[in-house]
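S.K.: sharing a model prediction with you, sequence too.
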Amino acid sequence: MPPTSTWIVSFQCTLAVVILALGVSASEPLTSAQEGGSGKKAEKPVYIEYKGVRIGMDTTEVRTKLGDPADKGDVQDFFVFSEKESAQVYYTRGKVMAVSVNYVGDNSGAPLPKAVLGTDVEPKADGAMHKMVRYPAAGYWVSYNRTGGEDPLVTVTMQKIQ
């Protein structure tokens, strides 16, 4: 085999291994839910509802639980509870497919990551945090996001797995 052919085969094999490794490492946090650092699969979500609103609930039930939205629609309602707390509820065919709650500032009453994900999240140097956990058996995922700096924005989201 000429040297050029060996180089092409070696390069293609190396490239395939690198692409496979990157694909596995990039998809790992999204495809395997884990609790803490134990490596054990997360089976039951800790965060199952927001103010009584759950994934799959009817639009009318949501509005009964949360009241009149500031902005009402067939695919999304926007609720404002205070200057520091608001929520968006997204619908597909009249059923809740996602709930995203925003808390603004340190004294907003935002839950801690452990109350949402069942585990602590290591903050970055500026205080920012992010973690998402998938719960395939429950049919949805939950994420916790906190911006860094003063007056952080905390967003807690749960969304149906498509």
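M.R.: Ah, there it is.
S.K.: please count neighbours and contacts with C-alpha atoms only from this point.
M.R.: Will do.
S.K.: pLDDT of the longest strand along the chain, averaged?
M.R.: Counting by DSSP state E, the longest strand found in the chain is strand 95-104. Strand 95-104 shows a mean pLDDT of 98.
S.K.: shouldn't Lys114 be within a helix?
M.R.: Yes. Per DSSP: H, G, I helix; E, B strand; the rest coil, Lys114 lies within a helix segment.
S.K.: how much space separates Glu83 from Val133?
M.R.: Relative to Val133, Glu83 is positioned 28 Å away (Cα to Cα, to the nearest Å).
S.K.: if you could redo that for Gly148, that was the one I meant.
M.R.: Taking Cα to Cα, one finds Gly148 at 21 Å from Val133.
S.K.: now do Lys160
M.R.: To Val133, Lys160 is 12 Å away according to Cα to Cα.
S.K.: quick one on the thing from earlier: residues in contact with the longest strand of the chain?
M.R.: Defining contact as Cα atoms under 8 Å, 6 or more residues apart in numbering, one finds that strand 95-104 is touched by 50, 54-59, 83-91, 109-110, 151-160.
S.K.: in PyMOL, select just the buried ones from those.
M.R.: Filtering the contacts of strand 95-104 down to the buried ones (16 or more other Cα atoms under 10 Å) takes a single PyMOL command:
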select buried, resi 50+54+55+58+59+84+85+86+87+88+89+90+91+110+152+153+154+155+156+157+158+159+160
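S.K.: now, the contacts of strand 95-104 that are in strands?
M.R.: In this view, the contacts of strand 95-104 that belong to strands under DSSP E are 85-91, 153-160.
S.K.: residue ranges of the helices in the protein, please?
M.R.: Residue ranges of the helices in the chain, as given by DSSP state H, are 3-31, 59-66, 113-117.
S.K.: now the first one: mean pLDDT?
M.R.: Per-residue pLDDT over helix 3-31 has a mean of 36.
S.K.: tell me who's in contact with the spatially most central residue of the chain.
M.R.: Residue closest to the average C-alpha location in the chain (Cα atoms, centre = their mean): Ser143, at 2.6 Å. By Cα under 8 Å, 6+ apart, the contact set of Ser143 is 117, 130-133, 155-158.
S.K.: any common contacting residues for Lys160 and Val133?
M.R.: Shared contacts of Lys160 and Val133 (Cα under 8 Å, 6+ apart): Trp141.
S.K.: domains in this protein, by residue range?
M.R.: Under the assignment automatic domain parsing, the domains of the chain span 1-31, 35-160.
S.K.: of those, which stretch is the most buried?
M.R.: Burial of the domains of the chain is given as mean neighbour count (mean count of other Cα atoms under 10 Å); domain 35-160 ranks first at a mean of 17.
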